[in-house]
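**Q** Fold the following, please.
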Amino acid sequence: MAKLRLSTIPDDKPVRLTIKLPRALHLDLIAYGELVANGSGQPVEPRNLIPPMLARFMSTDRAFLKARREKQGTK
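**A** Numbering: from 1, shown residues only. All right, here's what the predicted structure looks like:
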């Protein structure tokens, strides 16, 4: 099994957001969901992958974190 960055999908109260994705990205999300499902035994819908992927991306973006800290420090 591949070492994926996401292993579980948290169940959190959602805020509805509608987006359009390129077909290739949607197909990649389907494939990623299948890999997560193989590891966890639970089916994963592509739409449920997007929030944790974005959260992971933002939590590891050093420039974003630095800018956010600086902005919070000015309040």
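
**Q** what about the nearest residue to residue 33 once chain neighbours are set aside, neighbour count?
**A** Nearest in space to residue 33, with sequence neighbours left out and distances taken as Cβ to Cβ, 6 or more residues apart in numbering, is residue 44 at 4.0 Å. For glycine as for every other residue, the C-beta is placed from the backbone atoms N, C-alpha and C. Residues within reach of residue 44, counting by other Cβ atoms under 10 Å, total 21.

**Q** got it, and the one 10 residues further on?
**A** Other residues near residue 54 come to 10 when the count uses other Cβ under 10 Å.

**Q** now swap in residue 36 and tell me
**A** For residue 36, the count of nearby residues is 22 (other Cβ under 10 Å).

**Q** what do you get for residue 28?
**A** When neighbours are counted by other Cβ under 10 Å, residue 28 registers 14.

**Q** Likewise for residue 29?
**A** 19.

**Q** and it, how far is that from residue 62?
**A** Per Cβ to Cβ, to the nearest Å, residue 29 is found 25 Å from residue 62.
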